[in-house]
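*Asks:* using only what follows, build the 3D model:
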Amino acid sequence: MKTIFAPLAVAATLPMALLTFTQRVVQFVFRFAIRLTILFILIVSMFFAVTSLVYAATPPNAPNVANPTSAAAPAFIVEVIGLGLPMILIPGLASSGDVWQSTTKQFCGSDGKYQCHVLTLAGFAGVAPITTPLLATVAKELVAYVDSKKLKRPIVIGHSLGGFLALQLGINHVDKFGRLIIVDSLPALGALQMPDITPNQLKSMAARMRDGMKNQDPKSFAESQRRSIANMVTAPEDLERVFGWGSKSDGTTVMDAMHDLIATDLRQDIARIKTPTLVLGSWYAYKDFAKRTDIENNFKMQYQKMNGVTIELADTAKHFIMLDQPTWMFERINAFLK
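*Replies:* Below you'll find the predicted structure:
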């Protein structure tokens, strides 16, 4: 990271009068892109010390386990709520399915018209980790789950990493899933700083990031946890919940999943998605150093190859839109699903 921040450190020491217009533009772009990417990544890297908290088994009263006949640990656990049209909800990195509690009450309660299948992924929030690559294994087992439960083109709502997974499902299983709702996620997070980055460069950057996370001083992690989470969620009680999920997550699982997320570029592949898609983004956490229109344009640029996509930004929500501005999110989802 030192090589990235060095140009900013130098530029900051120069009087603004001596900076040319081009230099000021470059300074802004570096500052905005780096901070935006770091804020997104901090939800992982500052959540936990490298020493992992691994849970050996699911408690007896835990929700139904996906793929229960498999001898290996499942890639996710599932809680089923309500009756009606199927809706799958996938939380983000190091998060619990409980992040969707208000969403399930809205759409899958006694008056709801949907049946919610709420996932918590292996290695996250106290669920036992698996030894196979998380994203690929979740996708494979989720397709099997949909088939076994005879779910007909379920709606998929995914937050952050869960939104990335939803995009992959839409790309690789065009006829299997219905409408997609992507909550604050991008098809190529690693390309946010450099739109023209090559696949090999992405993989190299992701590997360096993972190595850096593994080498972090646990004390530094602990000191930065709450500051970083405060950039993701507003209410103190929600901050504590998110912090708790992260502290119960398996460090290796989270770092490897983050590596895969950074190393993968879906910007071209999303052209294969045929189902209508709603993207709900956030910008408010970055308001001190970027305009709303700048961040909105970043979303539009990343999703430009996708037909039938609707992009909207929340007014005051941070990354956890479902916690910060749930009514706004519900209104957009309701309008999209009509």
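*Asks:* what's the neighbour count on Lys105?
*Replies:* A count of neighbours around Lys105, defined by other Cβ atoms under 10 Å, yields 17. Where you see a C-beta, it was placed from the backbone N, CA and C, and this is true even at glycine.
*Asks:* that should have said Thr131, apologies.
*Replies:* Using other Cβ under 10 Å, Thr131 has 11 neighbouring residues.
*Asks:* same thing with Met306?
*Replies:* So Met306, with other Cβ under 10 Å, has 22 neighbours.
*Asks:* got it, and Gly82?
*Replies:* Neighbours around Gly82, by other Cβ under 10 Å: 20.
*Asks:* please apply the same query to the one 4 residues further on.
*Replies:* Using other Cβ under 10 Å, Pro86 has 21 other residues around it.
*Asks:* can I assume it is in contact with Ile157?
*Replies:* No. Contact status for Pro86 versus Ile157: not in contact, 11.5 Å apart, counting by Cβ atoms under 8 Å.
*Asks:* for the stretch 51-200 of the chain, what spans make up the helices?
*Replies:* Along the stretch 51-200 of the chain, counting by DSSP state H, counting those that start in this stretch, helices occupy 101-108, 134-148, 161-172, 199-214.
*Asks:* reformat the ones you listed as CSV; add mean pLDDT and distance to Glu79.
*Replies:* Below are the helices of the stretch 51-200 of the chain laid out as CSV (pLDDT from 0 to 100; distance: least, Cβ to Cβ, whole Å):
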stretch, mean pLDDT, distance to Glu79
helix 101-108, 96, 8
helix 134-148, 98, 13
helix 161-172, 98, 15
helix 199-214, 88, 30
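*Asks:* same list (the ones you listed) but as a markdown table, adding distance to Arg267.
*Replies:* Putting the helices of the stretch 51-200 of the chain into a markdown table (distance: least, Cβ to Cβ, whole Å) gives the following:
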| stretch | distance to Arg267 |
| --- | --- |
| helix 101-108 | 27 |
| helix 134-148 | 17 |
| helix 161-172 | 10 |
| helix 199-214 | 11 |
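*Asks:* among those, which is the most enclosed?
*Replies:* helix 161-172 (a mean of 24; mean count of other Cβ atoms under 10 Å).
*Asks:* just the CA atoms of that one, as CSV, please.
*Replies:* Taking Å, rounded to 0.1, in the frame of the first residue of the first chain, the C-alpha atoms of helix 161-172 are listed here in CSV:
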residue,chain,number,x,y,z
LEU,A,161,-20.3,-10.5,-1.7
GLY,A,162,-23.8,-12.0,-1.9
GLY,A,163,-24.6,-9.6,-4.7
PHE,A,164,-21.5,-10.7,-6.6
LEU,A,165,-22.7,-14.3,-6.1
ALA,A,166,-26.1,-13.4,-7.5
LEU,A,167,-24.5,-12.0,-10.6
GLN,A,168,-22.5,-15.2,-11.1
LEU,A,169,-25.7,-17.2,-10.8
GLY,A,170,-27.4,-15.0,-13.3
ILE,A,171,-24.5,-15.4,-15.7
ASN,A,172,-24.0,-19.2,-15.4
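*Asks:* helices or strands up against it?
*Replies:* Packing contacts for helix 161-172, counted by 3 or more Cβ pairs under 8 Å, 6 or more residues apart in numbering; DSSP states H and E, involve strand 85-90, helix 134-148, strand 155-159, strand 180-183, helix 251-263.
*Asks:* these: which one's closest to Val279?
*Replies:* Of all the helices and strands packed on helix 161-172, strand 180-183 sits nearest to Val279, with 4.6 Å by Cβ to Cβ.
*Asks:* pull the residues that contact stretch 121-139.
*Replies:* 52-58, 72-77, 90-91, 93-98, 119-120, 161, 164-165, 168-169, 172, 245, 248-250, 252-254, 256-257, 260-261 (Cβ atoms under 8 Å, 6 or more residues apart in numbering).
*Asks:* end to end, how far does that stretch reach?
*Replies:* 11 Å (Cα to Cα, to the nearest Å).
*Asks:* what does stretch 242-253 give?
*Replies:* End-to-end distance (Cα to Cα), stretch 242-253: 17 Å.
*Asks:* likewise stretch 93-109?
*Replies:* Start-to-end, stretch 93-109 (Cα to Cα) is 26 Å.
*Asks:* what's the closest non-adjacent residue to Thr275?
*Replies:* Arg179 (5.5 Å; Cβ to Cβ, 6 or more residues apart in numbering).
*Asks:* residues contacting the one you found?
*Replies:* So Arg179 contacts 155-156, 275-278, 336-337 (Cβ under 8 Å, 6+ apart).
*Asks:* what is the helix or strand Arg332 falls within packed up against?
*Replies:* In the assignment (DSSP states H and E), Arg332 maps to helix 326-337. Helices and strands touching helix 326-337, by 3+ Cβ pairs under 8 Å, 6+ apart, are helix 101-108, strand 180-183, strand 277-281, helix 321-324.
*Asks:* okay, the angle between it and helix 101-108?
*Replies:* Using axes from the mean of the first three to the mean of the last three Cα atoms, to 10 degrees, the inter-axis angle of helix 326-337 relative to helix 101-108 is 40 degrees.
*Asks:* what about Ala271, distance to Thr103?
*Replies:* To Thr103, Ala271 is 29 Å away according to Cβ to Cβ, to the nearest Å.
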